[in-house]
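J.: Following is a predicted model, sequence given first.
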Amino acid sequence: MSSVNPLRRKTLAMRPWDWSFPSPPVSHREVVSAQPDEPTGLPPLLMVHGLAHAAWCFGENWVPAAAERGYPSYAVSLRGHGGSAGARHLRRTMTRDYVHDVMQTITELPEPPVLIGHSNGALVAQLVAERYPLRGLVLLTPAPMHSAMGDLVAIGKDRPADLLRAVVGQTLSMEPDILFEGLDPQTARTYSDRTGPESPLVQWELLLRRRVGPVRCPVLVIGTPQDRLVRPADVERTADSYGVEPMWFPGMGHDVMLDTGWDDVLDQVLGFVADLPPWGTAQVR
Amino acid sequence: MSGMARTPAKKTVSTVVDRGDAWCVVGAGPHGMSALKALLQNGIEADGYERESDVGGNWNFGAENSRVYESTHLISSKPFTQFPDFPMPDSYPDYPSHRQVKEYFGRYADHFGLRARIRFSSDVVRAVPVDDGRAWDVTVCDRGTVQETTYRYAGLVVGNGHNWNPKIPDYAGREEFRGEVIHSADYKGPEVLRGKRVLVVGAGNTGCDVVVEAAQNATHAWHATRRGYYYNPKYMTGRPSDQVADSLLALRLPLGLRRVLFKGSLAIAVGDLTKFGLKRPDHKFFETHPIVNQQLVYYVGQGDITPTDDIDHFDADGVVFTDGSRIDVDLVVFCTGYLVRFPFLEQDWLNWKDDHPHLFLQMFTPSYDNLVVSGLIQPDSGQWTLAHWQGILVARVAEALRARPSVARAFLSRSAAEADRRYSAGAHYKDSTRHYFEVAHQDYLRALQDAIHELEVSA
């Protein structure tokens, strides 16, 4: 662990706020999953979506494709999203509740998974990684832990109306041209229409600067130069905080698991997973 | 455990299976499992040993050394009690039952692949340091074949618990008494109480649970205590009361102010205990292990429980109390706690004084760097969050001993000097065997967190 890394803090055992105000339980969590035809001994993959998305965004391509390649694959809908309960309380939902949802899902898996987070889901995944001994951590176009202020300013320059809506607590725009580059317009529109509302608190929380404790599993960071939500500089900085180089996929939009070329990204992710050392032998990051 | 600890090894079998760099973990209860998991998770080979055929330790209801009874529920709420990296399911209530707890431990073992690393139905008969304390020879007896095997390990984690060896007080006239006397260790459910006049001795959480069950099932219940206590409700303002309490800790309020707030809220929630005939507490809040029982005061108010003084002596049909009063009883239940014993180790190795070990961070002995005790704590909060962090610290120390011995030595060199340090967050615990291992969770967790950090940054 580097002592100068500004995004790391020491191991935190004492969490009285978490204990005093635990996340309210949810009655139902949607988990989309696919299993390989026969047991392969490969680690399970758990995928976590970003703002306004749900499990479907991984269920569409990645979950079946990864299962076909031998990985037990799961995608969870965070509370208030997709088929999970909690829509009524969405406006009170905070990032810590999403962390809770992912932790709950992990305990239902047969063994420690590789956690794959997209966008805000990547932020959630990092908060999980400091609490739980993951096999590996994959961050797809990750929302920055060091505050998304820069991204918000960029969005404001580009699309001032979108910024204004987010500031007053409406869901960030998930129009097709923001999420996709290569996808045909019709499919892009279909996906965009499947996005739902997001918690304003969670969106505002993106402006916080967060620090996490030591993460002790290998990390893969993936970005695209064309991303219209998370700036490449922020992807760079996230990767840097784990001492790794980001892997770039030029020509793709923010939703790398849906946009044209998703299979190339998945190839790289599965390559990373295949090379993971046995559980427990990784270095501190 | 059997009493074979002190008998010297017969020199008939001399083969020792060398497990190299591996560590040995005794016990597959929450502390043993969390240490085993933390070691494996950090790339340190480790074997676990468990005398029963399943994980769970004390929570393995029905097992010989399990001390839970039919109605046992947690008295600390889920968020404090669970392993922080393996939360209890949302479907569990705030205070799960012992059955749910056991199921939870089973899922933890399955999830982290621990069962394959634990040898079940195996008694650890003795453990002795060899090679100048650089390794441990652990002799294990298979309960089925009664075969003994000795394995050599780089380190030893003692996680077999301290709540299994009953402490039974000695009162004059015990032999004369014609009624029945049991220890809560053997209390499994209310059947034994039905239709009897029952005296329950001791106001630990078990004593309070048992006397409430006696109020519900026995002809009459008496409750003998040495002193008055604070009886905390399980809920305050609709929230588990430990969650309310930790809100104050999160605000970092000083001890004095927390005492005032606590006494105030107890005055509203429970009221003046002396009005019920209970003794006035002779100590300040946070000076004894918290009792969490909402029903005891209620049954005292209904007349089903009569509070009494401590026992002075027994006679043929009953007991006489220190205030001179006397009652006839059929059954006396001693809920008087447990004495810590590690029958497979020499007590001297654990810095044993005044009938209990004195260990740095309640874990590390000045005698051996590679001998660690996990679980010798009694927090004012949930136990297994602390078990988790003790496990992580065990792994950090094991890592350091292997890869960076000088760092490990620097850390452990404090073992003697800090052996008597208490983690009480400023309170002075009442001197009683019950409070030898008492820790204030906030103080203790911060100490563990600092220790872990120290070993991590010097990586």
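T.: Yep, it's here.
J.: Show me what from chain A comes close to chain B.
T.: A:1, A:3, A:10-22, A:25-26, A:100, A:103-104, A:107-112, A:131-133, A:214, A:216, A:278-281, A:284 (Cβ under 8 Å from any Cβ of the partner chain). C-betas here are computed from N, CA, C, even on glycine.
J.: Give me the subset of those residues lying in helices.
T.: Among those, DSSP state H puts A:P16, A:W17, A:D18, A:W19, A:S20, A:H100, A:M103, A:Q104, A:T107 in helices.
J.: ok, the second one touching B:A250?
T.: Yes - with contact defined as Cβ atoms under 8 Å, A:W17 reaches B:A250; the gap is 5.1 Å.
J.: Which of those two has more residues huddled nearby?
T.: Higher neighbour count among A:W17 and B:A250: B:A250, with 17 against 14, using other Cβ atoms under 10 Å in any protein chain shown.
J.: show me the contacts for the residue nearest to the more buried one when sequence neighbours are not counted.
T.: Sequence neighbours aside, A:P16 is the residue nearest to B:A250 in space, at 3.7 Å (criterion: Cβ to Cβ, 6 or more residues apart in numbering or on different chains). A:P16 makes contact with B:D246, B:S247, B:L249, B:A250, B:Q442 under the criterion Cβ atoms under 8 Å, 6 or more residues apart in numbering or on different chains.
J.: Excluding sequence neighbours, find me the nearest residue to A:A166.
T.: Counting by Cβ to Cβ, 6+ apart, the residue nearest A:A166 is A:L172, at 5.0 Å.
J.: Spell out the secondary structure type for that neighbour.
T.: coil (DSSP: H, G, I helix; E, B strand; the rest coil).
J.: Report the separation between it and chain B.
T.: Using Cβ to the nearest Cβ, to the nearest Å, A:L172 is found at 28 Å from chain B.
J.: Which pLDDT value does the model give B:P8?
T.: The predicted structure scores B:P8 at 47 on the pLDDT scale.
J.: What of B:Y429?
T.: pLDDT for B:Y429: 82.
J.: Look up which helix or strand the residue in chain A sticking out farthest from the centre falls in, please.
T.: Distance from the centre of chain A peaks at A:E38, with 28.1 Å (Cα atoms, centre = their mean). Per DSSP states H and E, A:E38 falls between elements, in no helix or strand.
J.: for B:Y444, same thing?
T.: Assigned by DSSP H and E, B:Y444 falls within helix B:441-457.
J.: ok, residue 30 - contacts?
T.: With no chain named, the answer covers chain A. A:A54, A:A55, A:V76, A:S77, A:G82, A:G83, A:S84.
J.: you looked at the wrong chain, it should be chain B
T.: Shown in contact with B:P30 (Cβ under 8 Å, 6+ apart): B:G57, B:W59, B:F83, B:F105, B:G375, B:Q383, B:W384, B:A387.
J.: Now do the same for the last one: its pLDDT.
T.: Read it as B:A387. 97.
J.: Quickly note the distance from it to chain A.
T.: For B:A387, the distance to chain A - Cβ to the nearest Cβ - is 12 Å.
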